[in-house]
Each structure stands twice: as C-alpha cells, then as structure tokens.
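**Q** Need coordinates for the following:
(chains A and B)
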Amino acid sequence: MSAPQTPHALHFMPSEGFRARSKAVVDNPFLRQSFRGAMDFLMSKRATQFSDPEELESLRSLGEGIRQYNLARLPILLEQLETNLTRNGIKVHWAETPDEANAIILGLCRQHSAKLMVKGKSMVSEEIELNHAAEAAGIDALESDMGEYIVQLAGEKPSHIIMPAIHKTKQEIAQLFADKVEGVDYTDNVDALIQIGRNVLRRKFQEADIGLSGVNFAVAETGTLCLVENEGNGRMCTTAPAVHIAVTGIEKVVEKLEHVPPLLSLLTRSATGQNISTYFNMISGPRRPGEKDGPQEVHLVLLDNGRSQAYADEQLRKTLQCIRCGACMNHCPVYTRIGGHAYGTTYPGPIGKIVSPHMLGLEATAGLVTASSLCGACGEVCPVKIPIPELLIRLREEAFTEPHANPAMRGQGAGYSRLMTSIWKAWAAVYRSPMLYGMATWLGSRFSSLVPSRQGAWTSVRVPLKPAGKRLRDMLRERG
Amino acid sequence: MSARDRILAKLKQKMPPTAPALPDVAAWYASHRQAENTADKLVRFRNCIEFAHAETYSVSRGGWLQKLYEVLSAKQIDKLLVAPATRHGARAQAELPALGIACPAYEQPIEAWKPAMFRETPASFTAARAAIAETGTLILWPDADEPRLMSLVPPVHIVLLDSATLYNTFHEAMSAEGWKDGLPTNSLLISGPSKTADIQQTMAYGAHGPKELIVLMIEENPQ
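**A** Numbering: from 1, shown residues only, chains lettered A, B, ... in the order given. Okay, the predicted model is just below:
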C-alpha cells in the first residue's frame, strides 16, 4: 500500500499503480481478513433487512423510478431547489470543478475568519480534496465521524464510503490513539476508544467556527437538506457552529418530499442493514429570530465535476441514480479482496469504477473498469437498479476503442493500443473463416514447441498454454 | 457566464424531452405496509426502538412525572434541562426541584452558555411531536422552546411521547401532517441513542450525541 503518510497529503492516485497496490493487499493476510470479515458482516445484515424478496424488488423498482424521474427533470429541479432554499434563507453556490468548490468554501471561511472547520461525513468533500486545500489555506479541517477521524489521524483516506476505517483492526486504532492523542494510554476496548474520540471531538464542536457536511437528499419542493447518520456528529456540525456549509453533487436533488421515505429505507437497509439510521436530520433554514441555536448562516455548494458529462448520455446517466449506500462494494468479489485504497480514487468498488471516469477522465481510470469479473452481484444488490455491469462494459468500450471525434467521455480511447486491437481483429478473422482457422490450428499443432513458456500474467500462477500436438479435426478424421 | 449558468445550460441541452411518470409512492405504501391499530403500533414502535438500545416505559397521562423522577433517581441524575414554556417542561420544573432535581431552562442563545451546555448538563427532557411505528422513530421539531441541541448534547435524553400520535410509517406521518407545505428550520427523526460501529464493526453507544435515550410513552391503559 503506497498511501502517502503525511496527514492531508492525500491525493488521488492514478490507475497505473492499481495492479501493484492490489497485489500488495492480496499479499497481506491481515487486510484480507479485515475486508472479508467486514463484507460478510455487512452482507448478512443487509440480507436480514430484506427477508421478503417481493418487497425488496418492488421497493427497488420504486427507488429506480424515483431517481430516474428526478434525473429526467434535473435542471428544472435544481432551479426549483435554488429558489426554495433561497426563500428559506440558505445561500446556494455552484461549482463546476473541485477547485471552484474549494475556493467557495475557503472563501466563506476567510469571510468569517475561521480557524477551525469541523466536518461531518462527506464523500464530496473527499472528492474535492477539501482537507488538503484547507490546510494550504491555513485552516484546520477536522473530521468528526469516528471512522473518518481515525483515518485522518492515520494520514490515510477512507477505504469504504460508509465505513471509512474498515481496513483497521482495533489494535491498530488503539496504537494510533496512544501515539497521536495527547494523554491517552493504550487500550483496545472499543467503548473506551469511542469515549476518547467523543471527548476530543466534543471540545472541537464547541470551538469550531464552521461546520461542513454532505447531503443525502436535497428536496426541491420544500428547500430542505437531508442528512443520514448514526453518530450525531453530523447534527453537531450542522447545529453548533455559527456557519454551516453543505456540499453535494448536483444529482442528489429530488422533487417531492415524499420521494424521501422510500429512498431512505433503501439507503439504510442496503448500507448497514438498519431499518433506519439513528438520526435523519432535515435542515430547511438557518436560525430564525427567537430560536436559540442552529447556525446563523447555511450555505449549499452544488458541484458538477463530471456529472453533467454522465448526464449527457442516456445510458451513462444511470450512474447518477446512485444514493451512495455502498452495497455494491460490500458484495463485490474484487473489492473484498483488494479493499478500498487500491483503487486510488475517492469512490472505490463498483460504483467508484463507473463514477470516477467522469470525474477524473478515462486517461487516469481506464485500468479500473477492467478489474471486474462481471459477476453481476453489484447490479443485483443496487437499491436503485443501476445496471453496473452494463456500464462497466460500456466504459471498457469507451476506454479501449480507437479515439474518435465527439466522444461521449473525457479520455475516450485512452487505453487504446493499435497492437492489441490488431491482435483481436486477426483473432476475429480467424474464427470467422473455416479456412483461416484450419491453417492457424495446423500451424499451431506443428510448431507448438515454439510457443514461449513465459506468457505474461497467465504464467505468473498457471502453466503455459500450448496448442495440442494433434487437432480435434485430425483426431476425428483418424477415428473415421 | 457563471458556473451556475454553464452547468444548467449543459444539463438543459441534454435533458430528455419527456420525463417518466411521477412514481406513485402512496400506492406502494398502501400495498406494502399495513395500517395497524394503536396497540399494535405501540408494540412495533417499542420493539424497534428497544432493539436500537433505547429504554421505554409505559406511563399514564397523569403519572409520567413519577416515572421521570424514578428514572432520574435510578441513574443518580440531579439536574435536568427542561423547557418551562411547554406544559410538560413547566410541570417538571414545578415538581422535580422539591424532590432534589434541579431543572434549569434553555434561556439564552447557545453562544452565551456553550461550555455549560457541553460540560454541566447531564440530562434533558423534551417531548416528541409524534412517532413512527415501522422503524421505532421519534419525530422532533425543535423550536424556540425546545432548541435543537437539547436532544443532542446532554448524555441522557428523556422524551415524552403521546402514543396517540403514533403513525405507521414515515410516509404516513409527512402526508397526514402536510409537511410538504412547510417544514421548520430543523426537523428530526431520532431512532435510538447515538452510536457507531466504525471500529471493527463493534457497536458502541454515545458516539457524539446522547448515550442513553429514554422514552416515556403515555398510554390510555398503561401496563
């Protein structure tokens, strides 16, 4: 694992190193055990929630219908959301790129002379690498979700979108706290460790000038930001500091408030196997006159970062149906073996493979879409029926076909190789023509001794492939 | 052109000419969730919220104060944050101090007493607006009397719930109360004490919010 070890120096790692990082994890029995154990746990928790297959299927269809309805009206709903949030006193900002989003957030920090920003769990803030930008601007950005707090202390990135510290054992966390938290002795008692985190972070919630959060659903008709969580740190971040900044992707909007209950049910049951999370926090405005707490200002930053590219193509648009439950990674045989860090992207696993190419371009992510056995588990468990395997095949085509004009995606053809394409063309020609096929197999059977014994990745764990000395057709002819 | 206009222009250019039909959420709930009677809803509510580690007690309309006192005594809590502008808060403030439990109120904006709220407030007492049986969920609409942090910062949160306000589902609650026509600045669903499983999938309670959630359920015929 080659994650940089200095806190906040947590940049995206391009997919060139993907194989090496994957191999490092596969060779590490402790990491293998952590991920296998955690994924088995999450899969069985989810299965318990969905004991009635008819209910599950009809709810998934409803979830898919809701997401597709809302995406089909996305620009109209974004305008409606902006109008109603503004009416409620929430200021709306728009950012096309991560740099623009960071500039908006840090600009608000400067405006309030902020020194400390406490953060609730937000994958979009990871996507824009806000912590890094904040550090460069001299602002302390502190993660307050327990898992995020742990990985930040360790100078790492989350390895799972729902359970960020899933790659760590409690002994590692115990050592980390003993080393990094002042006045703490080694303990691997989980309750004691959580108490340590609670005490440190409660002081920070009181001191913080800014609270930052993500958004799970943004409701256009009421102008409401909804947040799902168990710990209460999200409520702390959005209630205790004087300013709350929420940051989210443009795809998270739903038109109707009544779209929320089915999506919330799908989200928590798919993610952690809970029938509901401990807290569901609906924010429809800053503190009003007479109220005694809540932020004086609430801001929403809407981020594009490649989402409009996915939107432009009818098939790729389905990527945006995602409600970020993480069930696809929990059920993925590849994710379970290599964990979240190997991907190098903010979003790992199947959803990461289909969403990251829009954010980072296929130049940087072409290798990721090949890391799938296309077993279909991700598509089967997706609560909003994103056809992830189909999208993986589509992205492979986009990445590996010859570059052409007006591509649907940035970096189209980035993985194109003339040699590889010629080989497959020749292969196809041979298999289409009985005469060519006969010639090729005849040559193969005569000259099989010339076939090299080292055949790249194949022979790293297998015996070399050699054509048989006699062809099937020759054997059949001999039998008469 | 601003970032806003560029994003919207890109989306509008590619927006499908027709949207699929508006999904019928109400029909799904009608065919997949039963409408139960109050007794059954109570059982379901109680099972779910206790599974999430909350404590529940059945109380009568007149007798909840006695139970509140017993709970506080058992936990050796001698200070309770209350909202005297509410009926239940006024009653607690009128009767508990004589029994040795101080009942301060949330009088000032939080800026004036943040350290005391975080360090010297062991418990709070609020009402729930309503509740949801399906998931064992309390609905709270914090306001000027019972502000947002009352249900978050004190390590023990005690909630008074009138079981006549139990809904079957979240969808039923928002539809019956017409939430789409107006929500307060902050509305909350609370389904247990604060918790986390972020360390090796081991559940720990009291991550950042209350470690204990206690529900006093007013029933017409409490057991």
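
**Q** and A:Asp145, how far is that from A:Lys157?
**A** Between A:Asp145 and A:Lys157 the computed distance is 13 Å (C-beta to C-beta, to the nearest Å). (Each C-beta comes from the backbone N, C-alpha and C, glycine too.)

**Q** oh sorry, the question was meant for A:Glu129
**A** Counting by C-beta to C-beta, the gap from A:Glu129 to A:Lys157 is 9 Å.

**Q** And for A:Arg324?
**A** A:Arg324 sits 16 Å away from A:Lys157, going by C-beta to C-beta.

**Q** Who has more neighbours out of these two?
**A** Using other C-beta atoms under 10 Å in any protein chain shown as the criterion, A:Arg324 and A:Lys157 rank with A:Lys157 on top: 24 against 18.

**Q** measure stretch A:281-296 end to end?
**A** Stretch A:281-296 has an end-to-end distance of 17 Å (criterion: C-alpha to C-alpha, to the nearest Å).

**Q** for the residue in chain B that chain A sits nearest to, phi and psi?
**A** Residue of chain B nearest chain A, by C-beta to the nearest C-beta: B:Gly209 (2.8 Å). Torsion angles at B:Gly209 (phi, psi; degrees, to the nearest 10) stand at phi -100, psi -160.

**Q** Would you mind listing the residues in contact with it?
**A** Shown in contact with B:Gly209 (C-beta atoms under 8 Å, 6 or more residues apart in numbering or on different chains): A:Glu231, A:Gly232, A:Arg235, A:Met236, A:Thr278, A:Tyr279, B:Ser151, B:Leu152, B:Val153, B:His157, B:Pro193, B:Ser194.

**Q** Could you confirm whether stretch A:382-390 reaches chain B?
**A** No: on the criterion C-beta under 8 Å from any C-beta of the partner chain, stretch A:382-390 is out of touch with chain B, staying 11.7 Å away.

**Q** Which residues belonging to that stretch are considered buried?
**A** Going by neighbour count (16 or more other C-beta atoms under 10 Å in any protein chain shown), the buried part of stretch A:382-390 is A:Cys382, A:Pro383, A:Val384, A:Lys385, A:Ile386, A:Pro387, A:Ile388, A:Pro389.

**Q** Need the nearest residue in space to the second one, chain neighbours excluded.
**A** Right, the one you point to is A:Pro383. Of all residues not flanking A:Pro383 in the chain, A:Leu266 sits nearest, at 3.7 Å (C-beta to C-beta, 6 or more residues apart in numbering or on different chains).

**Q** pLDDT score for the spatially most central residue of chain A?
**A** The centroid of chain A falls nearest to A:Tyr347 when counting by C-alpha atoms, centre = their mean (2.2 Å). With respect to pLDDT, A:Tyr347 scores 96.

**Q** One more: the one 4 residues further on?
**A** For A:Ile351, the pLDDT comes out at 98.

**Q** Correct me if wrong: it contacts A:Ile388.
**A** Yes: counting by C-beta atoms under 8 Å, A:Ile351 touches A:Ile388, with 7.2 Å between them.

**Q** Which residues are in contact with each of these two?
**A** Common contacts of A:Ile351 and A:Ile388, defined by C-beta under 8 Å, 6+ apart, comprise A:Cys328, A:Cys378.

**Q** just to revisit the earlier point, closest to B:Arg91 among the contacts of B:Gly209?
**A** Distance to B:Arg91 across these (C-beta to C-beta) is lowest for B:His157, with 18.1 Å.

**Q** so that closest one makes contact with B:Ser124?
**A** Yes: between B:His157 and B:Ser124 there is a contact at 5.5 Å, judged by C-beta under 8 Å.

**Q** shared neighbours, those two?
**A** Listed as contacting both B:His157 and B:Ser124 by C-beta under 8 Å, 6+ apart are B:Met150, B:Ser151.

**Q** Point out where the chain drops to low pLDDT.
**A** Defaulting to chain A. Counting by pLDDT under 70, chain A has low-confidence residues at A:1-11.

**Q** my bad, the chain I had in mind was chain B
**A** Residue ranges of chain B with pLDDT under 70: B:222-223.

**Q** just to revisit the earlier point, which helices and strands sit right next to the helix or strand hosting the residue nearest to A:Pro383?
**A** Using DSSP states H and E, A:Leu266 sits within helix A:260-272. Packed against helix A:260-272 by the contact rule (3 or more C-beta pairs under 8 Å, 6 or more residues apart in numbering or on different chains; DSSP states H and E) you find helix A:29-49, helix A:53-72, strand A:217-219, strand A:224-229, helix B:25-32, helix B:170-176.

**Q** Export those to a markdown table and append columns for mean neighbour count.
**A** Shown next, in a markdown table, are these (neighbours: other C-beta atoms under 10 Å in any protein chain shown):
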| stretch | mean neighbour count |
| --- | --- |
| helix A:29-49 | 16 |
| helix A:53-72 | 19 |
| strand A:217-219 | 26 |
| strand A:224-229 | 25 |
| helix B:25-32 | 15 |
| helix B:170-176 | 20 |
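
**Q** What residues does residue 120 make contact with?
**A** You didn't pick a chain, so chain A it is. By C-beta under 8 Å, 6+ apart, A:Gly120 lies in contact with A:144-145, A:211-214, A:227, A:229, A:233-234, A:236-238.

**Q** wrong one, chain B
**A** B:Glu120 makes contacts with B:Lys79, as judged by C-beta under 8 Å, 6+ apart.

**Q** neighbours around A:Ala468, how many?
**A** 12.

**Q** nope, A:Ser113 is what I was after
**A** 7.

**Q** Can you verify my assumption that it contacts A:Ile210?
**A** No: A:Ser113 lies out of contact with A:Ile210 (C-beta under 8 Å); the separation is 10.4 Å.

**Q** Show me what residue of chain A gets nearest to chain B.
**A** Chain B sits closest to A:Gly232 of chain A, with a gap of 2.8 Å, by C-beta to the nearest C-beta.

**Q** Just give the nearest non-adjacent residue to that residue, would you?
**A** B:Gly209 (2.8 Å).

**Q** Then B:Ala197?
**A** Among residues not flanking B:Ala197 along the chain, B:Met203 sits closest, at 5.1 Å (C-beta to C-beta, 6+ apart).

**Q** quick one: contacts for the one you found?
**A** B:Lys195, B:Thr196, B:Ala197.

**Q** Could you rerun that using 10 Å?
**A** By C-beta atoms under 10 Å, 6 or more residues apart in numbering or on different chains, the contact set of B:Met203 is A:Val190, A:Asp191, A:Ile194, A:Asn230, B:His53, B:Lys195, B:Thr196, B:Ala197.
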